[in-house]
Every structure is written in C-alpha cells, then in structure tokens.
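>>> My questions concern the predicted model and sequence given below.
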Amino acid sequence: MKAPLPELYKGIALFTPGGDLVYCIDPDKQSQWHLHLCAALQEWLDLAEPPLFLVPWYTASIDRWRSPTDQSLVTTAEVYPLVARHQAVLNAVFGTGDLLWQTVRPPDNLDESLMLLTYQSRFPELWRSHDLVIRYESPAIQRVTPPEAQPSSWSRLSWQSRPPHASKQGYVLRLYVSSNSDVTEVILTNLHRLLEDLIQQPYTLKIIDVSKYPDLAEQDQVAATPTLVRVWPEPIRRLTGRLEDANRVMQLLIAPDGG
C-alpha cells in the first residue's frame, strides 16, 4: 500500500508531448527536481540525453504550505498551457480532488512552437505514448546534498526501471473516460487509490479521453465510459462502470492470462 501523502510538500510534474507523465512529491521542498525528472525520462525511454527542452512548457507544479499569519493550509498549483488539459490526472496523482490549477505562460522571449519543431525529429520517442505514469522518488541522502541529475529509484508505478523494449512485467492499464463527465476526477482519484491498495506488482496507468482519441477506443473495443482495460498481461480484459468496486477491479486484474 502506498504511503499517504504528506500534509506539506512540493510536487513537480513533467509530461511528454505524447502524454506520458513522470512526477515527484517532496516534503523537503528541495530544488533541481526538473533535472531529476528529465534524467528519469532519459533512462526510461533510452534517450541520448535528458530532454531539458521540455521545461517549462510541459511542466506543472504544486506547493502546499502553511500561512505564517493564521497557519491555514495554502495550496498553489500552476500548469503550463500545453499540459493544462491533464488537470484531472494531476489531481489524481497529487490527491487534490477537484482543484483548479492556474495556467501560467513561459517568458515572452521563448518561442515554444519553434523549439518543439526543432527537437521532435531528434527525440521521436517523446512524441509517442508509452502508457506511463511514473512516480520518481529520490533517496534521503539526495535531500541533504546537491542532487545529481540521475534517476535513483522508482515507485511501483514503474516497471522496476525497465525500459519499454525490455520484457514486460506487472500490469499495463488504460482508463477510458469522457472529458465532459462531472465524475471523471472522482473516478481517477478512487481508481488510483484502489490500484495502489490492490496491486503488489509494478503497473502503469494511462488515462484516455474517448472524445480526443476515438481510434484508440475503437481499437480497444470500448463502447462506454468509464472503462478500465487491462492491456497486459494478455489477453486484453475490460471492465465498464462501477470502478469503485474493489472486487470487480480485482477480478479484472487476476483474470487468467490465457484463453
């Protein structure tokens, strides 16, 4: 079972243009986390170098702190425009309910379209979806010394640091939702908590909006939302509706791999 989130922390999220996510939750609020997350993507996707150019366009950050005046809990959450559509996912991984993230702009002197066109041919893996939602965790020693930009350990949301071309382990899951559904964020939060409680193996979870990716929904034979699809281990299994039912989710996970 995943440890509960600390009351006060700083969270950093880094997306790829393909929609993969790597993030961290740091109660000590250290700096240079963007370097860690870029290095994590480099290792995971076997890139030639850390994709530092994704910062800040594909990032989001959250800070939870106490007001010095009345000691009330204050939350500041900011997201850049290119990943503002992922707010439901951010709220799920950071446990922030239906929080509305503030959209911020990069400095005016930075041309994001030119920058992204420049790097797309060099880093094609970043423009492909690998169904990744990875929580990066750094050893305690890196919280008291200047961190090196190298990944050091992974939560159970990864496949134990195995790159995509390695033999698959654990589970690969896809959650199909409707963006206009009022309960989408509740579904994400509840399912994330259920999976952390039920799965004792590495897993990845990809959230897919059927209105934006109807071809994927057709490929996975999804006719209604919400639908949870077990992509791996094969064969593919599907569960539609009532995803808050732990027994139904467990049956999907433990269904026989063959036949």
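Sure thing, it's come through.

>>> Quick check: which ranges of this protein have low pLDDT?
Scanning the chain for pLDDT under 70 picks out 1-4, 30-32, 107-116, 138-170, 179-183, 200-202, 255-259.

>>> just the strands in it please.
Using DSSP state E, the strands of the chain run over 9-15, 21-26, 59-66, 73-79, 102-103, 133-137, 153-154, 171-177, 203-209, 227-232, 237-240.

>>> any chance of these in JSON lines, with distance to residue 120 too?
All C-beta atoms are positioned from the backbone trio N, CA, C, and that covers glycine. Shown next, in JSON lines, are those (distance: least, C-beta to C-beta, whole Å):
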{"stretch": "strand 9-15", "distance to residue 120": "15"}
{"stretch": "strand 21-26", "distance to residue 120": "19"}
{"stretch": "strand 59-66", "distance to residue 120": "18"}
{"stretch": "strand 73-79", "distance to residue 120": "22"}
{"stretch": "strand 102-103", "distance to residue 120": "23"}
{"stretch": "strand 133-137", "distance to residue 120": "22"}
{"stretch": "strand 153-154", "distance to residue 120": "27"}
{"stretch": "strand 171-177", "distance to residue 120": "24"}
{"stretch": "strand 203-209", "distance to residue 120": "21"}
{"stretch": "strand 227-232", "distance to residue 120": "26"}
{"stretch": "strand 237-240", "distance to residue 120": "33"}
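
>>> quick one: which of those strands is nearest residue 119?
Relative to residue 119, the nearest member of those by C-beta to C-beta is strand 9-15, separated by 14.5 Å.

>>> among the strands of the chain, which is nearest residue 117?
Distance to residue 117, taken as C-beta to C-beta, is lowest for strand 9-15 among the strands of the chain, at 17.8 Å.

>>> There's contact between residue 10 and residue 23 in this structure, I believe.
No. Between residue 10 and residue 23 there is no contact under C-beta atoms under 8 Å: 11.1 Å.

>>> which phi and psi does residue 105 have?
phi -110, psi 150 (degrees, to the nearest 10).

>>> From residue 85, how far out is it?
Remark: distance between residue 105 and residue 85 (C-beta to C-beta, to the nearest Å) = 16 Å.

>>> Compare neighbour counts for those two and give me the winner.
Between residue 105 and residue 85, counted using other C-beta atoms under 10 Å, the more crowded position is residue 85 (14 against 10).

>>> In contact with residue 87, which residues?
Contacts for residue 87 (C-beta atoms under 8 Å, 6 or more residues apart in numbering) come out as 79, 99, 100, 101.

>>> again, only this time at 7 Å
Going by C-beta atoms under 7 Å, 6 or more residues apart in numbering, residue 87 touches 79, 101.

>>> With residue 244 instead?
Residues in contact with residue 244 (C-beta under 7 Å, 6+ apart) are residue 190.

>>> would a markdown table of the strands of the chain with distance to residue 49 and mean neighbour count be doable?
Shown next, in a markdown table, are the strands of the chain (distance: least, C-beta to C-beta, whole Å; neighbours: other C-beta atoms under 10 Å):
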| stretch | distance to residue 49 | mean neighbour count |
| --- | --- | --- |
| strand 9-15 | 15 | 22 |
| strand 21-26 | 16 | 23 |
| strand 59-66 | 18 | 19 |
| strand 73-79 | 25 | 15 |
| strand 102-103 | 29 | 12 |
| strand 133-137 | 18 | 21 |
| strand 153-154 | 20 | 16 |
| strand 171-177 | 27 | 22 |
| strand 203-209 | 24 | 22 |
| strand 227-232 | 29 | 21 |
| strand 237-240 | 38 | 17 |
